[in-house]
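Undergrad: Return a 3D structure for these sequence lines:
(3 chains)
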Amino acid sequence: MAALPKAFYARPDVVAVSRELLGKRLCTKLNGGVTKAIITETEAYAGIDDRASHAYGGRRTARTEPMYADGGTAYVYLCYGIHHLFNVVTNVEGIPHAVLIRAAIPAEGEMLMLRRRQKKSVDKALLGGPGSLSKALGITTRLTGESLWSERIWIEDTGIVPDVSKIKAGPRIGIDYAGEDAARPYRFILTQ
DNA sequence: CGAATGATATACT
DNA sequence: GTATATCATTCGA
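TA: Alright, predicted model coming up:
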């Protein structure tokens, strides 16, 4: 495998990292099975300046602790009591920047994904949202704080650089409580 | 469109 | 230590 180097995540521009994660391959190896998926949608969370971030204003709690870690750490958070949301921590230690992975398309281990989601056929809904994506890949909060070159979870470089014209930017979703910051164009979508 | 669902944060005793 | 409000969503009417 060709896992992305730490230098990819450690850069200061979380928005650039988010954009460049599009087209990369998110891989997990859990319960003996390997699943891989091409990332198609991401959102940036710019730490203390961003009301939508859990770390807004420098808040630091047991839950958000992994966000303050070095770039290349996984931050998994349980939302609405049901959904596990997977984020990639960027920047250097002490700066709580992260990228939420919102959607992907299956690349390997489709059968395992279908079993985890209790579905029969591969369709858009299989990896169509942050909660669904995590469930299909078997990601849970126990992976929070794990580094992205571990045995259990990593992101590979596919060698493919998506055409810039296929990348769309837009406002983030589901964070209306964030006021003005909700409108920031921090969401990136890879169109097909 | 609206309910489900539980860990977490925050404000209390 | 205990209580209550809140939430980076999904699924089924």
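
Undergrad: Do stretch A:40-48 and DNA strand C come into contact?
TA: Yes - Stretch A:40-48 lies within reach of DNA strand C by Cβ under 7 Å from any atom of the strand, at A:43, A:45. Where C-beta positions appear, they are placed from N, C-alpha and C, glycine not excepted.

Undergrad: tell me the mean pLDDT for that stretch?
TA: The pLDDT scores in stretch A:40-48 average 95.

Undergrad: what sits up against stretch A:144-162?
TA: If you take Cβ atoms under 8 Å, 6 or more residues apart in numbering as the criterion, stretch A:144-162 is touched by A:1-4, A:6, A:9, A:21-30, A:36, A:38-39, A:65-66, A:69, A:72-77, A:88, A:139, A:143, A:190.

Undergrad: Show me where chain A has its helices.
TA: A:6-9, A:14-21, A:110-117, A:130-137 (DSSP state H).

Undergrad: Please identify the most buried of those helices.
TA: helix A:130-137 (a mean of 24; mean count of other Cβ atoms under 10 Å).

Undergrad: Extract the C-alpha set from that one and format it as PDB.
TA: Extracted in PDB, the C-alpha atoms of helix A:130-137 (Å, rounded to 0.1, in the frame of the first residue of the first chain):
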ATOM      1  CA  PRO A 130     -21.000  10.600   6.800                       C
ATOM      2  CA  GLY A 131     -23.000   8.200   9.100                       C
ATOM      3  CA  SER A 132     -23.600   5.600   6.400                       C
ATOM      4  CA  LEU A 133     -20.000   5.800   5.200                       C
ATOM      5  CA  SER A 134     -18.600   5.100   8.600                       C
ATOM      6  CA  LYS A 135     -21.000   2.200   9.200                       C
ATOM      7  CA  ALA A 136     -20.200   0.600   5.800                       C
ATOM      8  CA  LEU A 137     -16.400   0.800   6.600                       C
END
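
Undergrad: That one to helix A:110-117, inter-axis angle?
TA: 120 degrees (axes from the mean of the first three to the mean of the last three Cα atoms, to 10 degrees).

Undergrad: and helix A:130-137, does that touch DNA strand B?
TA: No - on the criterion Cβ under 7 Å from any atom of the strand, helix A:130-137 is out of touch with DNA strand B, staying 9.7 Å away.

Undergrad: Many thanks, have a good one.
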